[in-house]
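**Q** need a 3D model of the following:
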Amino acid sequence: MGLFTVGLRDDDFEPAYKFPALPHRVRGRCLVAFAGVHLAVHVVRDLVHIDADTTNASQGHGIPTALMYLSDDDAPAVADLETTWYDARRNNPNRSAEWRLYYKDCEPIRMARPGDLMCFGMLRDNRLLIIIAQHDSTAEAQAKWLFGIDDEQEGAFRFHDNTERELDAFGAQIFEALGINVEVRDDTYLPEMIGRWGYRFPSNEEFAAFSQSSLTDVDPTHDDPDDVVIEYYDRSYLLFKLYERAVIQHDYDAAPFVSDGVIDVDSFTSFYTSVRNRRMSRAGKVLEIHIAHILDARGIEYEAQAKTENGKKPDFLFPSQAAYEDPAFPEEQLRMLASKTSIKDRFRQVADEANRIRDKHLFTLTPGDVTHPKFAQLDELHIHLVMPKVVKESYDDLIQGETMTFSRFIEEIQGLQADRPQSLTLL
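**A** Numbering: from 1, shown residues only. As a prediction, this is how the structure comes out:
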């Protein structure tokens, strides 16, 4: 499905779903065709309620629509309804078309505010998907990253063709957060994983090691750490999705919780809880394992899950717990790195994980996850962001200027380690 163009006048329009144009009186920005989804993205300026059942709306082409509102504070608000594109000037042949979007009142629309980001997309089942993301939220930032929106200009559409872009782990996770299923089509490694583990998940350490070993052209000792950690995470996520699908199907076939159209609620709840808990515990732990593997390959001294004050356990303490506990060891030689796939509000716990270290570092690799308000809170807590270069570049100049790449962080640790007096070296 290729890129198509839109305009506010019908003579500028080249239809891809018999859409006349975008709604009247909105600020258009871009249109992308990505992973089989057509998306026109713009900012809400005027949301005027017009019932879809009015006479005018009924003369248009009704479209089954899924509409959702995303914010950082609440669960997504979702509604199924029918929307209509309608030419308000259809009875005036002497004037150019003026297209408007008609919709029924619903919770996502009531939550929307001027300045929010609105994304239109056609799903494969021919439903219209409308996503409204709260202004200056993580959801908005991630949508902008996903579809290549990097400007705020008004008055003209900005076209972004993403048809050649491959969907990586980060893009897949964003789509899944929206309830859009993403399937892994390359099942090359599935027979080997089933041969190794059957249909029971191995430990996180074993799964991470398998992911790493499958990337035979990646060298953690010499390749750029920014590239290595992305390759590792991307591969482990995609392999997990592939293997999880096979395991879930196998487990369901062995003990189905639907019989004659009736759901066994207890069995379903247990099944769902097991899958959800496995997903939640896997991603963060596997990322820590990948980081540790890179540090080990480069001969860096560190201790994982070392104990500090009040039993706190920072993910990585440099150079060791013994050095941290030694009052003679200079504080300027100490470093701490927390690791989180996405930070949300959990970054606050990092602030008190190692009291001797005033300025702490937090590694994260989710594009668009850090908003300006969140960045200001991090700064107040003396928490410095560390990201792979490709993730860092998904942010604006302000955040990029205060963020360290993973490669640069490793260079700093190596420099401290090389310059450390022999008397401070701890076995």
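
**Q** any chance you could map the helices in the stretch 101-250 of the chain?
**A** Residue ranges of the helices in the stretch 101-250 of the chain, as given by DSSP state H, counting those that start in this stretch, are 107-111, 138-146, 169-177, 190-197, 204-213, 225-254.

**Q** which of these sits most buried?
**A** Ranked by mean neighbour count under mean count of other C-beta atoms under 10 Å, those are led by helix 138-146, which reaches a mean of 24. Any C-beta I mention is one placed from the backbone N, CA and C, and that applies to glycine too.

**Q** name the residues that touch it?
**A** 34, 41, 70-72, 116-117, 119, 131, 133-134, 149-150, 171, 174-175, 344, 366-371, 374, 394 (C-beta atoms under 8 Å, 6 or more residues apart in numbering).

**Q** ok, of those residues, which come out buried?
**A** Among the contacts of helix 138-146, those buried by neighbour count (16 or more other C-beta atoms under 10 Å) are 34, 41, 70-72, 116-117, 119, 131, 133-134, 149, 171, 174-175, 366-371, 374, 394.

**Q** where does pLDDT dip in the stretch 151-300 of the chain?
**A** Residue ranges of the stretch 151-300 of the chain with pLDDT under 70: 151-168, 170, 176-184, 280.

**Q** mind doing that once more with 90?
**A** Along the stretch 151-300 of the chain, the parts satisfying pLDDT under 90 run over 151-188, 201, 234, 237-238, 240-242, 244-284.

**Q** tell me the confidence at Asp53?
**A** Looking at Asp53, its pLDDT reads 43.

**Q** cool, and Pro319?
**A** For Pro319, the predicted pLDDT is 94.

**Q** SS state for Ile413?
**A** Here Ile413 is helix, with the state taken from DSSP: H, G, I helix; E, B strand; the rest coil.

**Q** tell me the contacts of it?
**A** Going by C-beta under 8 Å, 6+ apart, the list of residues near Ile413 reads 300, 302, 318, 335.

**Q** kindly recompute the last result at 6 Å.
**A** Neighbour list for Ile413: 300, 318 [criterion: C-beta atoms under 6 Å, 6 or more residues apart in numbering].

**Q** also Ala88?
**A** 98, 100.

**Q** Cys100 should be in a helix, yeah?
**A** That one is not Cys; residue 100 is Arg. No. Under three-state DSSP, Arg100 sits outside any helix and is assigned strand.

**Q** number of nearby residues for it?
**A** By other C-beta atoms under 10 Å, 23 other residues sit near Arg100.

**Q** could you check the pLDDT of it?
**A** With respect to pLDDT, Arg100 scores 76.

**Q** coming back round to it: any chance of the helices of the stretch 101-250 of the chain in JSON lines with distance to Glu325 as columns?
**A** As requested, those are exported to JSON lines (distance: least, C-beta to C-beta, whole Å):
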{"stretch": "helix 107-111", "distance to Glu325": "50"}
{"stretch": "helix 138-146", "distance to Glu325": "37"}
{"stretch": "helix 169-177", "distance to Glu325": "38"}
{"stretch": "helix 190-197", "distance to Glu325": "40"}
{"stretch": "helix 204-213", "distance to Glu325": "27"}
{"stretch": "helix 225-254", "distance to Glu325": "28"}
